[in-house]
Structures are given as structure tokens and as C-alpha cells.
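Student: How does the following fold in three dimensions:
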Amino acid sequence: MHPPPIAAAIHPQRRRSRRAVFLTWLRRIHLYVGLWGAVLGLLFGATGIMMNHRAVLKLPVEKAVQHTVQLPLPQRAFAAPAELQAWLQGELKFAPVAPAVTKVQRAGPVSWDGREVWQPERWTINLNRPQGAVNAEYFVGNRFVKLDLVEATPVGAMIRLHQSVGVNAFWVLFADTVAGSLILLSITGLLLWTQLHTVRTAAVLTAVGALLYALCFFWSA
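Tutor: Next comes the predicted model:
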């Protein structure tokens, strides 16, 4: 038996209604996520343009200061890089926002000018914050530590924020929300464009698949 004409007409209408409700929620998500992404996108977009053209525009990224000095150490010896780091922070009154990055290069022979020379153990300590950085280099046994100072201008501080240099975990997660909103905006935008029609959806999936394949091909090349 064939279904009554009224039942046959209700079924397609119910399907269209579900799709309409889904598209309505999709538009709302796209709207509010787009609002969040637009606010922070201004910062990341502006600093991105600065980074791309800072050499041509000659933007003042760092202040004109003496970058390198030799700082005398106290009489007591430091047993570990962490002790030197704590002393430097107190001596320089430099409070880093991001955790300090410490590297240790063990003592041993190195190649220099075609010959082999012995190099003492080398410590490098990087103290970072958005407004600047202090990079320390120390060879165990020396009475001095080499310091490289980086003081950022307001433009440089914005670029360092864009690159998440000298920031804490909260800012990294905060910046991740911008990246996540851009991804969500792209997905919802594509779905809204297709209106969930079969032909458009297939075209979008084919284009995205081809783009991912091209990226994987160039990455592995």
C-alpha cells in the first residue's frame, strides 16, 4: 500500500525543518564566534602585517641600548644554572613572565678554525617577558657572565605578543582561542555556504581534500 498523500507531504517538510533549525544554530555560532575572533583578530592581523613588512617599513622593534655587557660575578661559585638564574634575576631586578629557558652544554672538545680546542661547560639562560629579554651566557670557571639585553618598543612588544614570546601559559591558551575561532569560522562558513545541499557539500569536501593532499605533498617533498 502506498502512504497517504498527507503523510508523504509531511515527511519532506519535517526534514526541511530539521535542516532549517540546524542552519539557524549554525548562523548563531558563526556570528558570536566571529565577534570574538574579530576583536582579537585586529591585534594578530596588524602585528602579522608588521612582521611581514618590518624590514621594508623599518619599524622600530628594539630600543637603542647597549646590548652586550660582561657582568662580574660574586666570589662564591654557582653549583648549578638555577643558582645563577636566581642571582641574575635579583641582581638585574628582572622578573620574567615566561619560565626561564636554561641549556647546558657539557665540557668537551669543539672544532674551531680547523683545529680541536677544549671548551668548558657552557650555560645559557634566557629570561623573557613581552617588553624585552635578558640572555645570559656563562662558561663554568669564568669570573664574568655575558649578558645580551633586548628592550622592545611598543611595536616590538606587540610582535612578541603575537609570537607568544615571554608570555605565560594563560596568554598561550588565550591566543589558542583565536586560532580555534578561525578554524570554527571556516567550518561554519563552509557549511552555511553549502546549505547542506549534496552537490555543494561534495564540492567543498573535494576542494578541502585536494588542499590537504597538496599540503601533505609539499610538506613531505
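Student: Now do the same contact list for Phe44.
Tutor: 162, 175, 178 (CB atoms under 8 Å, 6 or more residues apart in numbering). The way it works is simple: take the backbone N, C-alpha and C, and place the C-beta from them, glycine included.
Student: Swap in 6 Å and give it another go.
Tutor: His162 (CB atoms under 6 Å, 6 or more residues apart in numbering).
Student: Quick one: name whatever helix or strand follows the lowest-mean-pLDDT helix or strand in the chain.
Tutor: Using mean pLDDT, DSSP states H and E, the weakest-scoring helix or strand in the chain turns out to be helix 5-57, at a mean of 70. Next along the chain after helix 5-57, taking DSSP states H and E as the criterion, comes strand 68-72.
Student: neighbouring strands for that following strand, and are they parallel or not?
Tutor: strand 144-151 (antiparallel) (DSSP bridges).
Student: Keeping just the C-alphas, turn the strand it pairs with into CSV.
Tutor: What follows is strand 144-151 as a C-alpha-only set of coordinates in CSV (Å, rounded to 0.1, in the frame of the first residue of the first chain):
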residue,chain,number,x,y,z
PHE,A,144,82.1,37.2,34.3
VAL,A,145,78.8,36.3,32.7
LYS,A,146,78.0,37.7,29.2
LEU,A,147,74.5,39.4,29.1
ASP,A,148,72.6,40.3,25.9
LEU,A,149,69.8,42.8,26.6
VAL,A,150,66.7,43.1,24.4
GLU,A,151,64.3,46.0,25.1
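Student: can you pull the buried residues of that strand?
Tutor: Across strand 144-151, burial judged by 16 or more other CB atoms under 10 Å covers 145, 147, 149-150.
Student: Most widely separated two among those residues?
Tutor: Maximum pairwise distance in the buried residues of strand 144-151, criterion CB to CB, is 16.2 Å, between Val145 and Val150.
Student: Just give me the closest of the buried residues of strand 144-151 to Asn128.
Tutor: Closest to Asn128, out of all of the buried residues of strand 144-151 and judged by CB to CB, is Val150, at 8.7 Å.
Student: The closest one and Asn135 touch, don't they?
Tutor: No - with contacts counted by CB atoms under 6 Å, Val150 stays clear of Asn135, the gap being 7.3 Å.
Student: Show the backbone phi and psi for the closest residue to Arg106 other than its chain neighbours.
Tutor: Nearest residue to Arg106, sequence neighbours excluded (CB to CB, 6 or more residues apart in numbering): Glu121, at 5.8 Å. Per-residue torsions, Glu121: phi -60, psi 140 (degrees, to the nearest 10).
Student: Got the confidence number for Glu121?
Tutor: Glu121 is assigned 92 on the pLDDT scale.
Student: In contact with it, which residues?
Tutor: 106-107, 140.
Student: Going by neighbour count, which of those residues comes out on top?
Tutor: Compared across those, Val140 has the highest neighbour count, 15 neighbours, by other CB atoms under 10 Å.
Student: list the contacts for that one?
Tutor: Contacts of Val140 (CB under 6 Å, 6+ apart): 120-121.
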